[in-house]
Every structure is written in structure tokens, then in C-alpha cells.
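Novice: Sequence plus predicted model, see below.
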Amino acid sequence: MAKYNNFKKLTADFYLNPDVIEVAQLLLGKVIIKKDSQTTRYARVVETEAYAGAEDRASHAFQNKRTARTETMFEKGGTAYVYLCYGMHYLLNVVTNKRDIPHAVLIRAIEPLFDTSISSTKSKRKTGSGPALVTKYLGIDMNHNRKSFLSSDLFIADDLFIPQNISSSPRIGVDYAGEAAQWPYRFFITGHPHITPSPYNQ
DNA sequence: GCGCCGATTTGCT
DNA sequence: GCAAATCGGCGCG
């Protein structure tokens, strides 16, 4: 299974990129690898959203707002930002840029790889097709907040997969963010079956 | 197939 | 008190 793929773990440089928009696009097609004592899970990233820090009203860290929750976003690039959404869902972000610049990329959808236990029923929503479903599949919760993506049990790798086409759209669920709500900071592999349901998918 | 609604906790006003 | 980077279930037709 996985051993037939040539996974190359992303290094610190990738995460320190000062252009969070570019990182959001570059993460498409990469593979998240998550290990615990029971299982190892592999997931292809197929949808992301960029959150551009102090100037981005949709970001938790708008105007460099620091709270117990947002403090993780000010860590250096390559840190995992996990937070509880709507009181019940964990959402996974990849912090980017250098320390004290709160850029982050939300992982909105993944495609599980090498997982034979997933049923292929057509009527259901696909596994990993939504930011809360990403963490549910990978088994990520608040214990993973502030963890490094340079560690051996949680990291992202390049297996030379290249997305055919990338589309963009406004971000989902940020209508409160004024002008920033229109910014085309959501990116997805065009036509991929695991992207989240949205009128923008077309 | 679509739209409404509840769940449940955090962080602001 | 209320809205939030959401999801699944239910009712409708």
C-alpha cells in the first residue's frame, strides 16, 4: 500500500513561505500522514482556505487579536492550529509564515488513501468531505493543537501527485466578514468528488 | 433535492 | 446573550 508511494516529507521552508495564498494552493494534492498507536492514516488534501492574518476580517487573528484560542496562530509556520467550532467540531489548520504573523490554511476536505474499510455507497456524503470530517477521519482533536508538522506522527508529504486543475471561490461560512467574505481564498481540485458541497463548485 | 434546525462550547458585546 | 471557519436529520412534496 503506502510503501509503494514515494512520500517526501515537507520541510520547514515550505511552511515559512510568507505568501499564505500560495501555500493554500500548494497544499492541494499533498498527503497528510497521521499516526497513533493503533493506525496510520493517509489523506490527500483536496480543498483548502487561506486565512491572511491581521488584515483578514474572517480570521480569528484579525487585527492581531490574541486570545487563548488564537495564540497558536502566532506560532511559527509548520504548527497545527486546531480549534473547537460550533461547540462540537474540531477544525485543522496549518500555520504558515514566521512567528508572530498569524497566517493559516484551513484543511477543508481530504480524500482517504489506502483505506479499504471505507464503503463506496453513493448516496452518503464522502469521508473527509468537510473540515470537521477531516479531523474526524484523521483522529485529530485538541491534543494536536500546537503540534509541529515536522513531527513523525503528524506531517504532510509530497508524493509527486499533481492536481489537474485548481479552482477558487469565496470562503465558506464567513459571511460576517464584510468585504473579506468575498475574497477568493478557497481553493480546491476542480471536480474532485471529495470537495465540500457548495454552489461555487459548479 | 432542498431548507430549516438543534447540538454544544468558546469568546466576544 | 448570541453568533460562530459545521454537520446530519427531518420534513416537505
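Specialist: Right, received. Where do you want to start?

Novice: Flag every residue of chain A that's near DNA strand C.
Specialist: A:49, A:51, A:58-61, A:73, A:81, A:85-89, A:91, A:93, A:104, A:106, A:125, A:129-133, A:171-176, A:196 (Cβ under 7 Å from any atom of the strand). Quick note: C-beta positions are derived from backbone N, CA and C, even for glycine.

Novice: buried subset of those?
Specialist: Buried members of the residues of chain A next to DNA strand C, scored by 16 or more other Cβ atoms under 10 Å, are A:49, A:51, A:58-61, A:73, A:81, A:91, A:93, A:104, A:106, A:129-131, A:133, A:171-172, A:174, A:196.

Novice: Out of these, name the ones that lie in strands.
Specialist: Those of these mapping onto strands are A:49, A:51, A:81, A:91, A:93, A:104, A:106, per DSSP state E.

Novice: who's in contact with the closest residue to DNA strand B within chain A?
Specialist: Closest contact between chain A and DNA strand B, by Cβ to the nearest atom of the strand, is at residue A:87 (2.1 Å). Applying Cβ atoms under 8 Å, 6 or more residues apart in numbering, one finds that residue A:87 lies in contact with no residue.

Novice: How much space separates it from residue A:104?
Specialist: From residue A:87 across to residue A:104, the span is 21 Å (Cβ to Cβ, to the nearest Å).

Novice: try residue A:9
Specialist: Distance from residue A:9 to residue A:104, by Cβ to Cβ: 20 Å.

Novice: How about residue A:184?
Specialist: Counting by Cβ to Cβ, the gap from residue A:184 to residue A:104 is 17 Å.

Novice: and chain A, which of its residues are near DNA strand B?
Specialist: Checking chain A against DNA strand B by Cβ under 7 Å from any atom of the strand, the hits are A:65, A:67, A:68, A:69, A:84, A:86, A:87, A:88.

Novice: how about a cut-off of 10 Å?
Specialist: Residues of chain A lying near DNA strand B by Cβ under 10 Å from any atom of the strand: A:60-63, A:65-71, A:83-89, A:122-123, A:132, A:142, A:197, A:199.

Novice: Let's see which of those end up in helices.
Specialist: residue A:132 (DSSP state H).

Novice: What about the residues of chain A next to DNA strand B, which are in strands?
Specialist: Checking those against DSSP E, those in strands are A:83, A:84, A:85, A:89.

Novice: what about the second one, how many neighbours?
Specialist: To tie it back to what came earlier, the one meant is residue A:84. By the measure other Cβ atoms under 10 Å, the count of residues near residue A:84 is 13.
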